[in-house]
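> kindly return the folded structure for what I paste below:
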Amino acid sequence: MARYTGPSSKIARNFGEPIFGPDKAFDRKGYPSGMHGQTRKKKQPSEFSIQLKEKQKAKYTYGILERQFRKIFVEAVRLHGVTGENLLKLLEARLDNTVFRLGIAPTRRAARQLVGHKHITVNGHITNSASYTLKPGDTIGVADNAKGMEVIKNSIAGKGKSFTWLEWNTDTMQGKFLAMPEREAIPENIKEQLIVELYSK
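From the prediction side, this is the model:
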């Protein structure tokens, strides 16, 4: 199965929140897609369906397929600390997510494309693996041949919120991954404990 490349608004509507960021289509129609979106009778969801939906939300938010997501979960179990929090920390430490968080790309999908096209460096070396896991102290930069790209310049110019675990220098177009983020600093509305419970069955 390939990565989902369909309409992001449709997925966001099914989850009832703009998981891919600001979305005009979602603002107009925040209810589930389909001809019965607003009138569909709501059945009491089972515990399993609630847990599954939370996992799907996390996968869509970070743009990861099942096999890779499960691999990250296994790694989260091995680490010391709370498994659910470890899971989100590892997702946040992915290169594509960090490129997005730094403001180099407007979306995670765009960030993956920049990494795949060899426009991003890690510690001075071009890295084209979007799933690369950053370590505290790693430096993320824009490759010299990409510093003039409009999509990057526009994204950096419109850069909004900054994050405590990241540092950015606009002059050098370089950022630094300072540390693994604390759970309370991660803005995503994901109930990670439900995902842990699902995989624990």
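> for the most centrally placed residue in the chain, what are its contacts?
Nearest to the mean C-alpha position of the chain, by Cα atoms, centre = their mean, lies residue 62 at 3.0 Å. If you count contacts by Cβ atoms under 8 Å, 6 or more residues apart in numbering, residue 62 has them with 91, 94, 97, 108. For every residue, glycine as well, the C-beta is placed using N, CA and C.
> hey, which helix is longest across the protein?
Secondary structure of the chain per DSSP state H: the longest helix is helix 47-62.
> and the helix or strand that that one is followed by, what does it pack onto?
Sequence-wise, the next helix or strand downstream of helix 47-62 (DSSP states H and E) is helix 66-78. The contact analysis (3 or more Cβ pairs under 8 Å, 6 or more residues apart in numbering; DSSP states H and E) places helix 66-78 against helix 47-62, helix 83-92, helix 192-199.
> tell me the most buried of those helices?
Mean neighbour count (mean count of other Cβ atoms under 10 Å) peaks for helix 83-92 among these, with a mean of 21.
> what's the next helix or strand after it packed up against?
For helix 83-92, the succeeding helix or strand toward the C-terminus, using DSSP H and E, is helix 95-101. Counting by 3+ Cβ pairs under 8 Å, 6+ apart, the packing neighbours recorded for helix 95-101 are helix 83-92, helix 108-116, strand 120-122, strand 139-142.
> what's the closest of those to residue 158?
Closest approach to residue 158 among the helices and strands packed on helix 95-101 is made by helix 108-116 (12.5 Å; Cβ to Cβ).
> related to what we said a few turns ago, so which of the helices and strands packed on helix 66-78 gets nearest residue 181?
Residue 181 lies closest, by Cβ to Cβ, to one member of these: helix 83-92, at 5.2 Å.
> quick one: contacts of the closest one?
With Cβ under 8 Å, 6+ apart as the criterion, helix 83-92 contacts 58, 62, 64, 72-73, 75-77, 79, 97-98, 101, 133, 165, 180-181, 183, 186, 188, 190, 192-193, 195-196.
> now the buried members of those residues.
Using 16 or more other Cβ atoms under 10 Å as the burial test, these include 58, 62, 64, 72-73, 76, 97-98, 101, 165, 180-181, 186, 190, 192, 195-196 as buried.
> show me the contacts for residue 122.
95, 132, 134, 138-141 are the contacts of residue 122 under Cβ under 8 Å, 6+ apart.
> got CSV for those, with pLDDT and distance to residue 156 too?
Shown next, in CSV, are the contacts of residue 122 (pLDDT from 0 to 100; distance: Cβ to Cβ, whole Å):
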residue, pLDDT, distance to residue 156
95, 98, 17
132, 97, 21
134, 98, 19
138, 98, 19
139, 98, 16
140, 98, 13
141, 98, 12
